[in-house]
Structure formats: structure tokens, C-alpha cells
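*Asks:* coords please:
(one chain, ligands or ions: 1)
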Amino acid sequence: MTFPFDISATDGRARTGVLKTPRGDIRTPAFMPVGTAATVKALTVDQVKQTGADILLGNTYHLMLRPGPERMERLGGLHKFMGWDKPILTDSGGFQVMSLAGISKVKEEAVTFSSHIDGSKHVLSPERSIEIQADRIGADISMQLDECVAWPAEEPRARSGMELSARWAKRSKDAFGTRDTQALFGIQQGSTFENLRRESSDRLQEIGFDGYAIGGLAVGEGHQAMCEVLDYAPQMLPADRPRYLMGVGKPVDLVEAVWRGVDMFDCVLPTRAGRHGQAWTWDGPINLKNARFAEDQDPLAPEVPCPASTDYSRAYLHHLIRADEILGKILLSWHNIAFFQALTAAMRTAIAEGRFEAFRRDFHARHVSNG
Ligand SMILES: NCc1cc(CSc2ccccc2)c2nc(N)[nH]c(=O)c2c1
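*Replies:* All right, here's what the predicted structure looks like:
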């Protein structure tokens, strides 16, 4: 289904709007917390809702291994299973197979791999991935199965990955068919080669998708090289559909990608780094493990509307992280997700008011120079 995507304002290449789905509206630019194993680690769904998140990510690779697709369906699907009644986007699983699974083989027909949990054998074809995402998990937005080529890649290798992903895009779309309450996104590949990204975009548009993701970035190339690809890649995709930059990123990555026309983001950083003491603030990242916070009675980030950001002293958070207390992981994860939501909310407002350039400049001055 082509969910309505109403762009309410643009400012340069930046856009702000609403992607309307049967389970709720997604305000863009949007940050999507990652709920890998049917949970945003350390947080309840109510805490995630309080941060302002409109959509969560689920992970096909993890969920197909545990609890398993057929069990997930018998349990009523992921929304019911985890008690999240807003939109869910799931990745197709191929990327995680390459980064997490045991022995894996990529063939034209499918990816075969052994579970990193118990060594059991699994097959993930474009068709099986769609069945798991849309029918067993019940994702509102599914992703095509693709091949994300490692960086750096020689052009022939980048081309073969892009062409396989394009063939799998067609198979994914055919398997998805037409659905009136669910959407399917295609994924642009091509590594850092402009000609390959162009070919990938053209082939995806011929097939036709409800949204378009930019894959194959934030795979080690670094911020600068990623921005150089984003100088052209988003604009190769249809302007009237959502553009989703997969697995990105740090706050400065989001600001620079929004400036270049990206609408949706996901990243495990806010919760993963939070569990290890890193907190993002408007004045840049800090690590609460640092001794300088041992007697700092100030709240973590009074401007961020989240109890974790306003109701506890940095000294207390320092103590909790040093003591490896569960509450420390909870509070910093909660704050970081809330900060990413506050960041995307501030960008939406800045774009709507035609002052994104000033926002971007102030952000670099305040956040990046301290970071
Ligand atoms: N930034 C690297 C990255 C991350 C993800 C994972 S994004 C994700 C992770 C968990 C749950 C949902 C989405 C990717 N997924 C796919 N399918 N293709 C890519 O090129 C790619 C690149």
C-alpha cells in the first residue's frame, strides 16, 4: 500500500512531513528506535512512547531464530507480542545474517546460514523474508532482501551486490503483492559509486515501492565519505516518497543527512552506547563513567523532556554506571532515545520555519565542536 506521505514544508533539500499509516502517523524527519529482539533494550514500550517515538524497528534475523516466525504468528504477531500498537518497520534480515550469523552462503536463490544461537540451519530468500516480515511478524513496513557489500569495495564487487539486490527487489515486490494496510520499501545499493547508485535507483523505481531506503552506508566509510554519497544518492530517489537511511547514526549524521534530503533513520547507538554510560546532549556526547561527574549535582539534560534527563543528578548516573547497575542502563537508554526524538522534533520545526540552515550551523557550533 502506498501510505500517504504529506510533505508540509521544505527548506533547501530538507523536508518535513507525515507518513500516514493505518497504525498511526510518522512525523518526518523521524528517528526509529531499534527493538531487535522484540524489545527496545532496557525500556518498556510506555517509556519508548513517552520519548515521542512514532515507530519502532523489529529485526527479522533475530525474531526468526527466536521465538520463530510461526510461533510469532500463533502469538498474534509482534505488535500484540510486545504491546506496541503503533507502526513497526522490520529489516529483511540479510544484513544481520552477514554480520551476526555463523556460516552463511549468499546464492541467487537465497541466503543460507546457521544460527548464532544454536547453530540450526536457516534459509532466507526474498520470498521467505517477505512472508516472515509481513505475514508472521505483521510489520507495517517491510524491507526487501538485499545484499549490503562490505566497505571498501572494488566496483565489480559493488556492482554484483547492487545487481543481486535489484533482482531480489523484484522478487520481494512480487512476493509482497498488493496489500492495503502494509507497505514495502526498496533498498538502494551501489557502495560509493555514483553510477551504481543511479542504476540501483532507476531499477527500484521501475519496480515501484512505497518508500526507498539507502543501504550500504555507515559500514566503515566514515562520516565524510558517507556525506559525499549523500550529496547525490537521496536525490536519485523519488521526491514524493520517504527516504530511509539504514542504520544511521550519530546526531551529526542525522543533521547532515536531513540537510541532504533524508527522512527516516534508525540506529542502535542510543541504547547500546547508553548501556555503557554514553549520553548525548545538546552540548555533545558525554560519558557518565568519567570521574568529573562524581559530584555533579546537575541533571543530565534539563532541555530534554524525559524523567531520565531531568530528574536525576549526573552524580547519581555516574554512580549507577560505575556500579554497573541495571537502573543506569535504563535511565541512559531512555534519555538517549528521548534526545534523538528531541533532535528530530527540533529539525522538523526548523524546516517548517525555514531556518534549517541556522539550526544546522548552531548544532555544529554547540554539539559538534564539543563532541
Ligand atoms: N548502516 C548499515 C546498515 C544497516 C542495516 C540494518 S538497519 C536495521 C537494523 C535493525 C532493524 C531494522 C533495520 C542495513 N539493512 C539492510 N537491509 N541493508 C543495508 O544496506 C543496511 C546497512
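*Asks:* mind listing the helices for the stretch 151-300 of the chain?
*Replies:* 155-176, 194-207, 223-230, 251-259, 269-275 (DSSP state H, counting those that start in this stretch).
*Asks:* mind listing what's buried in the last one?
*Replies:* Buried residues in helix 269-275, defined by neighbour count with 16 or more other CB atoms under 10 Å: 269, 270, 271, 273, 274, 275. Where C-beta positions appear, they are placed from N, C-alpha and C, glycine not excepted.
*Asks:* For residue 292, report the pLDDT, please.
*Replies:* In this model, residue 292 is scored at 98, pLDDT.
*Asks:* mind checking how far it is from residue 53?
*Replies:* 31 Å (CB to CB, to the nearest Å).
*Asks:* circling back: now render the helices of the stretch 151-300 of the chain as JSON lines, adding distance to the ligand and mean pLDDT.
*Replies:* Converted to JSON lines, the helices of the stretch 151-300 of the chain look like this (distance: least, CB to the nearest ligand atom, whole Å; pLDDT from 0 to 100):
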{"stretch": "helix 155-176", "distance to the ligand": "8", "mean pLDDT": "98"}
{"stretch": "helix 194-207", "distance to the ligand": "11", "mean pLDDT": "98"}
{"stretch": "helix 223-230", "distance to the ligand": "9", "mean pLDDT": "98"}
{"stretch": "helix 251-259", "distance to the ligand": "10", "mean pLDDT": "98"}
{"stretch": "helix 269-275", "distance to the ligand": "11", "mean pLDDT": "97"}
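*Asks:* In a markdown table: these, plus distance to residue 48.
*Replies:* Converted to a markdown table, the helices of the stretch 151-300 of the chain look like this (distance: least, CB to CB, whole Å):
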| stretch | distance to residue 48 |
| --- | --- |
| helix 155-176 | 27 |
| helix 194-207 | 31 |
| helix 223-230 | 27 |
| helix 251-259 | 18 |
| helix 269-275 | 10 |
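*Asks:* With respect to burial, which of these scores highest?
*Replies:* helix 251-259 (a mean of 23; mean count of other CB atoms under 10 Å).
*Asks:* Which residues does that helix contact?
*Replies:* Contact with helix 251-259 is made by 12-14, 29, 31, 218, 223, 226-227, 230, 234, 245, 248-249, 265, 280, 339-340, 343-344, 347, 351, 356, 359-360, 363-364, 367-368, 371, as judged by CB atoms under 8 Å, 6 or more residues apart in numbering.
*Asks:* Now do the contacts for residue 185.
*Replies:* 89, 141, 142, 143, 144, 209, 210, 211, 212, 213, 242, 244.
*Asks:* thinking again about what came up before, quick one, which of residue 292 and residue 53 is more surrounded?
*Replies:* residue 53 (26 against 11; other CB atoms under 10 Å).
*Asks:* Of all the residues in the helix or strand where residue 315 lies, which ones are buried?
*Replies:* Assessed by DSSP states H and E, residue 315 sits inside helix 314-322. Of the residues in helix 314-322, 314, 316, 317, 318, 319, 320, 321, 322 count as buried by neighbour count, 16+ other CB under 10 Å.
*Asks:* Return the residues in contact with the residue most central in space within the chain.
*Replies:* Geometric centre of the chain, nearest residue: residue 266, 1.7 Å, by CA atoms, centre = their mean. Applying CB under 8 Å, 6+ apart, we find residue 266 in contact with 31, 32, 33, 34, 57, 89, 244, 246, 247, 248.
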